[in-house]
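*Asks:* sequence unavailable; structure follows:
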């Protein structure tokens, strides 16, 4: 089984500097990442109300992820400065990635962070793929879904992308039902949920569902 790795940087930005920060990520961070060995692209989620921005880079293998720490740290510090915020880093295995179609401008994401006992993380993946994903695919405006995993911490994060904010909001009740069913069956606990604008969608991860 192919394993792709990811590093996410959560920046608590000053809301009035979000547009400037997004431009910096597009014009500076993305081209710089493209030159780093093993890089498979990146995405950027933005919550304009809270100022929370999540940049995720994907990597071909664990060696590439580790080797990139130095150059990425510099890019991260510069981006945090532009966003006028603080940065927090997490590292993940990409356990699943499924796309119905590529997202266009205006796409929005519903993101759920989940916690379980580390010994149960494989069950979280199985339940997400076998029970959750088929139901997600039926949702109107479904674009893609991904599941990232931190085995050692027993943490996972699921991202469900819709074609628009309106599609996301229309499906909110059904998404909550799917989430509750999946989390209960996986014997897990929801830590947090959030809604984000998909500002940049260049996470070139292969189909892994």
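*Replies:* Received the coordinates, thanks. Only a predicted model underlies this, so the values are computations on that prediction, with no experimental measurement involved.
*Asks:* is residue 158 in a helix, a strand, or coil?
*Replies:* strand (DSSP: H, G, I helix; E, B strand; the rest coil).
*Asks:* OK, contacts around it?
*Replies:* The contact partners of residue 158, taken as CB atoms under 8 Å, 6 or more residues apart in numbering, are 111-112, 114, 128, 132, 145-148, 179. Every C-beta, even on glycine, is put in place using the N, C-alpha and C of the backbone.
*Asks:* check contacts around the spatially most central residue of the chain.
*Replies:* The central residue of the chain, meaning the one whose C-alpha is nearest the mean C-alpha position (CA atoms, centre = their mean), is residue 159 at 5.6 Å. The contact partners of residue 159, by CB under 8 Å, 6+ apart, come to 45, 109-111, 145-148.
*Asks:* so of the contacts of residue 158, which ones are in strands?
*Replies:* With strands identified by DSSP state E, the entries of those that belong to them are 111-112, 114, 145-148.
*Asks:* can you tell me which of those residues are buried?
*Replies:* By neighbour count, with 16 or more other CB atoms under 10 Å, the ones in strands among the contacts of residue 158 hold 111-112, 114, 145-148 as buried.
*Asks:* tabulate these in JSON lines, adding columns for pLDDT.
*Replies:* Putting these into JSON lines (pLDDT from 0 to 100) gives the following:
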{"residue": "111", "pLDDT": "98"}
{"residue": "112", "pLDDT": "98"}
{"residue": "114", "pLDDT": "97"}
{"residue": "145", "pLDDT": "97"}
{"residue": "146", "pLDDT": "97"}
{"residue": "147", "pLDDT": "97"}
{"residue": "148", "pLDDT": "97"}
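*Asks:* and those as TSV, adding distance to residue 73?
*Replies:* Rendered in TSV, the data for these read as follows (distance: CB to CB, whole Å):
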residue	distance to residue 73
111	24
112	28
114	28
145	30
146	24
147	26
148	20
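*Asks:* now flag whichever of these is closest to residue 201.
*Replies:* Sorting these by distance to residue 201 puts residue 146 at the head of the list, at 11.3 Å, by CB to CB.
*Asks:* need the contact list for that closest one.
*Replies:* Taking CB under 8 Å, 6+ apart as the contact definition, residue 146 lies against 94, 96-98, 158-159, 205.
*Asks:* just among these, which is most surrounded?
*Replies:* Using other CB atoms under 10 Å as the neighbour test, these are led by residue 158, with 27 neighbours.
*Asks:* mind checking pLDDT for it?
*Replies:* pLDDT recorded at residue 158 is 98.
*Asks:* just residue 3 next, same as before
*Replies:* pLDDT, the model's per-residue confidence, is 70 for residue 3.
*Asks:* where along this protein do the helices fall?
*Replies:* 18-24, 30-34, 62-67, 69-83, 121-127, 133-137, 165-170, 172-185 (DSSP state H).
*Asks:* I'm done for today, thanks for sticking with me.
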